[in-house]
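Visitor: Compute the structure for the input listed below.
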Amino acid sequence: MTPDAEPAALAHPAAGRDDRITLRFLATPGDTAAGGRSVAAGSVMEWIDKAAYACAVGWAGGYCVTAYVGNMRHRRPIPPGSLIEVSARIVHTGTTSMHIVATVASADVSTREYTPATTCILVFVAKGADGRPAPVPAWSPVSAADAELQRLALDRIASRTEIKSLMLDEEYTDASAAPRTTLRFLVPPGVVNWGGKAHGGTVMRWMDEAAYAVTAAWVRDGAEASAAVGAYSGGIHFFTPISIGDLVEIDARIVYTSARSAHVVSRVLTGDPRTPHERRLATLCMSVFVVPSPDGEALPVPQWLPELAEDVRLHTHARRILELRERIEPIPAGLTLEA
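Guide: Numbering: from 1, shown residues only. Below is the predicted model of the structure:
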C-alpha cells in the first residue's frame, strides 16, 4: 500500500472519511440516443464521470481531474425515462491518484428494482491550489469486496499502461480512406467544472457523438443506421485540460469492422481559436458500436477493408488492442454494489 499522505497535504478535514457515493435521478429526454430506443452511451459516460468526480473530491478533500476511464462495457440498453442509480467507490489510492469503480443501474420508476447496466474503473488525480498533483489520504480495504475490487484494479494497471503506449504510438494523418467524421466547435461555459475545465464526462459524450456520426454514416440504412449504439469504450486517457472558449476538434474514424460491430478511434484536439492550427491532443479512445435489432441482437454491419498503408496499420493496431482487452478480467457489477 502507498504510505499515508502527510496531514498538511489534506485540503479539508473531511478528506479520507467517505470512500463511496450514490447518485439517483431520472433520465431525461435529452439523454436519449438518436432513434429514441435507449439512453445514449455518451450520457451514461457523463453520469459515471460525475459520480466518480464527486467520490474523488470527497475523498481527496479538494479539486480533482479525470485521468483515465477504461473498459466501459454497456451490457444492456437503458430505456428512456428510467430511474438511474450511479454508485462510485474508492478501490485503490496512489500518492496523488484514486482508482474508482462506478456502476450504473436503472429501474422502472414504478418498480424501483435496479438492474446494473454498465461498470468501469476511473482514475482521478487530486490537484493543489498551484495546479500540481496533490497527495491524497491512503485507502485500505476493509471488507472482502473491497479487497477483491482492489485486486481487480491493480491487475489492470499493466494492461492499461500497454494499451496507452500502443495508442499514443500511432499516427493519424489525412493519408487515409477510412470512414471519418470531424466535429469542430468552441467550448461553452455550461460544460465546465468548478476548476473551469470541461468535465471529463462531457468530453466523453462529445467523443461518443462523433463516433455515432461516423458509424451511422457507414451503416446508412435508414432506421437501422439511426439505431447504432455504443457497446464499449476504453483506453480513454486525458492529457490536456479543455477550458471555456477553447477550440475543440473531434476526429472519429472507423479503424476496424467485425461481422456485427464497428470499431472507432476518436481523438479530441484542442487549442486557442486565434491559432487554430496549433492544436494539442486532449483525449483519445477506441469505441465499439453495434446496430441492435428490435429483439436486442446485433445486426450485421457493412465490412470495411483497408487499402492505404495508414489504414492497414491502424486496422492491425485495432486488432492488437482487442486482444489485450480480452485478457482483462471483467468486474462483476454485483461485487461493486456489495458493502
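Visitor: and the residue nearest to Ala210 when sequence neighbours are not counted, what element?
Guide: Closest residue to Ala210 apart from its sequence neighbours, by Cβ to Cβ, 6 or more residues apart in numbering: Ala252 at 3.8 Å. Any C-beta I mention is one placed from the backbone N, CA and C, and that applies to glycine too. Per DSSP states H and E, Ala252 falls inside strand 247-258.
Visitor: so what secondary structure elements neighbour that strand?
Guide: Counting contacts by 3 or more Cβ pairs under 8 Å, 6 or more residues apart in numbering; DSSP states H and E, strand 247-258 packs against strand 180-186, helix 200-219, strand 261-271, helix 309-326.
Visitor: Looking at the ones you listed, which is nearest to Ala105?
Guide: helix 200-219 (17.3 Å; Cβ to Cβ).
Visitor: Provide a list of residues in contact with the nearest residue to Tyr114 once chain neighbours are set aside.
Guide: Spatial nearest neighbour of Tyr114, chain neighbours left out: Ala105 (4.0 Å); criterion: Cβ to Cβ, 6+ apart. Ala105 makes contacts with 84-87, 114-117, 333, 337, as judged by Cβ atoms under 8 Å, 6 or more residues apart in numbering.
Visitor: From those residues, list the buried ones, please.
Guide: 84-87, 114, 116-117, 333, 337 (16 or more other Cβ atoms under 10 Å).
Visitor: and those residues, which of them are in helices?
Guide: Ala333 (DSSP state H).
Visitor: List just the nearest of the buried ones among the contacts of Ala105 to Pro141.
Guide: Closest to Pro141, out of all of those and judged by Cβ to Cβ, is Leu337, at 15.9 Å.
Visitor: Surely the closest one touches Val104?
Guide: No: with contact defined as Cβ atoms under 8 Å, Leu337 does not reach Val104; the gap is 11.2 Å.
Visitor: list residues touching both of these two?
Guide: Pro116.
Visitor: Quick check: chain neighbours aside, which residue is closest to Gly230?
Guide: Ala41 (3.0 Å).
Visitor: Does that neighbour touch Val229 like I think?
Guide: Yes: contact criterion Cβ under 8 Å: Ala41 and Val229 qualify, at 6.4 Å.
Visitor: So if I had to pick from those two, which one is more boxed in?
Guide: Ala41 (29 against 22; other Cβ atoms under 10 Å).
Visitor: Roughly how far does the closest residue to Pro13 other than its chain neighbours sit from Val142?
Guide: Nearest-residue entry for Pro13: Gly61, 7.6 Å, with adjacent residues in sequence omitted and distances by Cβ to Cβ, 6+ apart. Separation of Gly61 from Val142 (Cβ to Cβ, to the nearest Å): 20 Å.
Visitor: In terms of packing, which of these two has more residues around it?
Guide: A direct count of neighbours by other Cβ under 10 Å for Gly61 and Val142 places Gly61 higher, at 20 against 10.
Visitor: For that one, what are phi and psi?
Guide: Phi and psi for Gly61, reported as degrees, to the nearest 10, are phi 80, psi 20.
Visitor: Likewise for Pro189?
Guide: According to degrees, to the nearest 10, Pro189 has phi -60, psi -30.
Visitor: ok, it to Ile331 distance?
Guide: Taking Cβ to Cβ, one finds Pro189 at 35 Å from Ile331.
Visitor: Between those two, which is the more surrounded one?
Guide: Taking other Cβ under 10 Å, Pro189 and Ile331 do not tie; Ile331 has more neighbours (21 against 8).
Visitor: how much space between the more buried one and Ala145?
Guide: From Ile331 to Ala145 the distance is 11 Å (Cβ to Cβ).
Visitor: where exactly do the strands run in this structure?
Guide: Taking DSSP state E as the criterion, the chain contains strands spanning 20-26, 64-74, 83-93, 97-107, 115-126, 180-186, 229-238, 247-258, 261-271, 280-290.
Visitor: just so I know, which of the ones you listed lies nearest Val219?
Guide: strand 261-271 (7.6 Å).
Visitor: Counting by contacts, list what that closest one packs against.
Guide: The contact analysis (3+ Cβ pairs under 8 Å, 6+ apart) places strand 261-271 against helix 200-219, strand 247-258, strand 280-290, helix 309-326.
Visitor: Do I have it right that Lys164 meets Phe238?
Guide: No: taking contacts as Cβ under 8 Å, Lys164 lies outside contact range of Phe238: 11.3 Å.
Visitor: who's more crowded, the two?
Guide: The neighbour comparison of Lys164 against Phe238 (other Cβ under 10 Å) goes to Phe238, with 23 against 16.
Visitor: From Ala134, how far out is Ser258?
Guide: With Cβ to Cβ as the criterion, Ser258 and Ala134 are 43 Å apart.
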